[in-house]
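> following is a predicted model, sequence given first.
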Amino acid sequence: MAKKKSKIQTPTWLLEGEAESKTKKKTEKTFKVRRCPKCNSDEISVVIGEVGVWECRECKWKGKDVNEDELTEDEFMIYLDEKGEEVA
């Protein structure tokens with residue numbers, strides 16, 4: 001009498017991966033807005049020729065520690081509307 005073959009089982013690492021993918025939330029794109037720590041203006045730029053130094057165009061502050069806000073796409077669109085930027 002022929003020996004009966006057992007069914008092939010799905011590996012546990014694959015089953016765990018499926019469970020993990022079901023629980024993961026869709027990651028939403030985020031945008032970073034840099035602000036001056038002195039006047040809270042977003043009109044800052046990198047100083048050419050100096051590594052890691054930023055300068056505020058409003059209050060002329062110079063330094064390395066800028067405030068950085070991370071906004072979701074919806075928050076970023078509201079931010080642009082309030083600032084008066086044209087959104088396509």
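That came in fine, so what should we check first?
> look up how far residue 5 lies from residue 45.
69 Å (CB to CB, to the nearest Å). Yep, even glycine has a C-beta here, placed from its N, CA and C like the rest.
> so these two - more neighbours on which side?
Neighbours per residue, other CB atoms under 10 Å: of residue 45 and residue 5, the larger number sits with residue 45, 10 against 6.
> that one belongs to a strand, doesn't it?
Yes: membership of residue 45 in a strand is supported by DSSP: H, G, I helix; E, B strand; the rest coil.
> isn't it right up against residue 61?
No: assessed by CB atoms under 8 Å, residue 45 is found out of contact with residue 61, at 11.7 Å.
> overlap in contacts of those two?
Common neighbours of residue 45 and residue 61 (criterion: CB atoms under 8 Å, 6 or more residues apart in numbering): residue 55.
> quick one, helices of the protein?
Applying DSSP state H to the chain gives helices spanning 12-23, 73-83.
> residue 87 - how many residues pack around it?
7.
> from one end of stretch 51-59 to the other, what's the distance?
20 Å (CA to CA, to the nearest Å).
> for the residue nearest to the spatial centre of the chain, name its beta-bridge partners.
In the chain, the residue lying closest to the centroid (CA atoms, centre = their mean) is residue 30, at 3.7 Å. On the basis of DSSP bridges, residue 30 is bridged to residue 72.
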